[in-house]
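Engineer: Quick one, what's the 3D model for this:
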Amino acid sequence: MANPAILRSNNFAHGTLTATGTDAGYSVNNLIDYRTTTHWQAAAHGTNYITVESGDVLSADMLGIVKHNLYTASATITIEYWDNVLSSWVAIGTPFSPTSDECIIKQFTSKTSLKWRIKINTASVKAKIAVMMIGSKIEMPYPPEAPSAPYREIYRLLNTESKNNNFLGAIRRHPRYSINHSYKMITKTFYDTYLLPFWDTHAKLGYPFFYGMDADNIPEGNFFCRFIDDYEWNPNRSNSSYINELVFDMIGER
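Structural biologist: All right, here's what the predicted structure looks like:
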């Protein structure tokens, strides 16, 4: 079991972002606008690279991808970084293939580099991705309080009936995924170092983030999240050393 992890930093947004080929109307910059209604789409199937070159050395140990067709396209994905000593691109771990078109969270050994890229190889279908982020994760010190489901699915239907209350049909709306996880006895040091900056510089500004309850073992718990409307960030505490409880109340997209 792995602890939950948050990805809010994105190396792709800190430099010049390029793609080896892009269809008209599907800019590579769509990958970093946080919107799942816009996409980057490759100009052709085969091997494509998404590359960023930054003026700063950036670390990364987590990749997040959402709203894509990489399973349908039978894609193979490789995470690579530029090694200045070797003057070449180096793969991190082994290439992997998505097992569905749902949210992908991939964790790996932390590396630092000025340049990062994702290699995507598809056999016959053009790759298409809405949001892709790579950066350094915030790993929670332990799992959320039990019992804790990976998510709750809010199934939304609009039923229609006749005047005699006979069923006429139903309109199914897109399901809503609710993630409500409580963390207790978080050290003040961890809170000040990781969680408070995450809240102050990202989450409370309305920016989404990737959240995985246990990315490798519970893939159905991987989401592109945002906090609910009127969410209250309330780090309850009774002393200066610990946060008694902090509740993450989120809406997620797959």
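Engineer: What's the end-to-end length of stretch 235-244?
Structural biologist: This stretch, stretch 235-244, spans 7 Å end to end (C-alpha to C-alpha, to the nearest Å).
Engineer: does Val90 really touch Tyr81, like I thought?
Structural biologist: Yes - between Val90 and Tyr81 there is a contact at 6.0 Å, judged by C-beta atoms under 8 Å. In short, each C-beta sits where N, CA and C put it, glycine included.
Engineer: So which of those two has more stuff around it?
Structural biologist: Ranked by neighbour count (other C-beta atoms under 10 Å), Val90 and Tyr81 place Tyr81 first, with 20 against 13.
Engineer: so how far is Ile104 from the more buried one?
Structural biologist: According to C-beta to C-beta, to the nearest Å, Tyr81 and Ile104 sit 18 Å apart.
Engineer: What ranges does the stretch 51-200 of the chain have for its helices?
Structural biologist: Counting by DSSP state H, counting those that start in this stretch, one finds helices in the stretch 51-200 of the chain at the ranges 188-190, 196-201.
Engineer: of all these, which lies closest to Thr76?
Structural biologist: helix 196-201 (31.9 Å; C-beta to C-beta).
Engineer: Bridged to the residue most central in space within the chain, which residues?
Structural biologist: When C-alpha atoms, centre = their mean is applied to the chain, the residue found nearest the centroid is Phe210 (2.9 Å). Beta-bridge pairing of Phe210, defined through DSSP bridges, involves Leu7, Phe224.
Engineer: Isn't it up against Gln107?
Structural biologist: No - under the criterion of C-beta under 8 Å, Phe210 lies out of contact with Gln107, with a separation of 10.6 Å.
Engineer: okay, and the common contacts of those two?
Structural biologist: Met62 (C-beta atoms under 8 Å, 6 or more residues apart in numbering).
Engineer: Go through the helix or strand that contains Asp249 and flag the buried ones.
Structural biologist: Using DSSP states H and E, Asp249 sits within strand 242-253. With burial defined by 16 or more other C-beta atoms under 10 Å, the residues of strand 242-253 counted as buried are Tyr242, Ile243, Leu246, Val247, Phe248, Met250, Ile251, Gly252, Glu253.
Engineer: Could you name the helices and strands sitting against it?
Structural biologist: Other helices and strands packing on strand 242-253, by 3 or more C-beta pairs under 8 Å, 6 or more residues apart in numbering; DSSP states H and E, are strand 176-187, strand 209-212, strand 222-227.
Engineer: Strand 176-187 and that strand, what's the angle between them?
Structural biologist: For strand 242-253 against strand 176-187, the angle by axes from the mean of the first three to the mean of the last three C-alpha atoms, to 10 degrees is 160 degrees.
Engineer: how far is strand 242-253 from where the chain is centred?
Structural biologist: Chain-centre distance of strand 242-253: 17 Å, with C-alpha atoms, centre = their mean, to the nearest Å.
Engineer: Quick one: residues in contact with that strand.
Structural biologist: Strand 242-253 has contacts (C-beta under 8 Å, 6+ apart) with 36, 66-67, 103, 144, 151, 176-188, 191, 195, 208, 211, 223-228, 231, 233-238.
Engineer: quick one: the residue sitting furthest away from the middle of the chain and Leu158, what's the gap?
Structural biologist: Using C-alpha atoms, centre = their mean, the residue of the chain lying farthest from its centre is Asn164. It sits 47.3 Å away. From Asn164 across to Leu158, the span is 19 Å (C-beta to C-beta).
Engineer: coming back round to it: max pairwise distance over the buried residues of strand 242-253: which two?
Structural biologist: Counting by C-beta to C-beta, the most remote pair of these is Tyr242 and Glu253, 32.4 Å apart.
Engineer: max-length strand in this protein?
Structural biologist: strand 46-68 (DSSP state E).
Engineer: Quick check: buried residues in it?
Structural biologist: 48-52, 54, 58, 60-68.
Engineer: Just checking, which of those residues comes out lowest on pLDDT?
Structural biologist: Here the lowest pLDDT out of these sits on Ser54, with 90.
Engineer: Who are the contact partners of the residue lying closest to it once chain neighbours are set aside?
Structural biologist: In space, and not counting its chain neighbours, Ser54 is closest to Gly15: 3.4 Å by C-beta to C-beta, 6 or more residues apart in numbering. Counting by C-beta under 8 Å, 6+ apart, Gly15 makes contact with Val52, Glu53, Ser54, Gly55.
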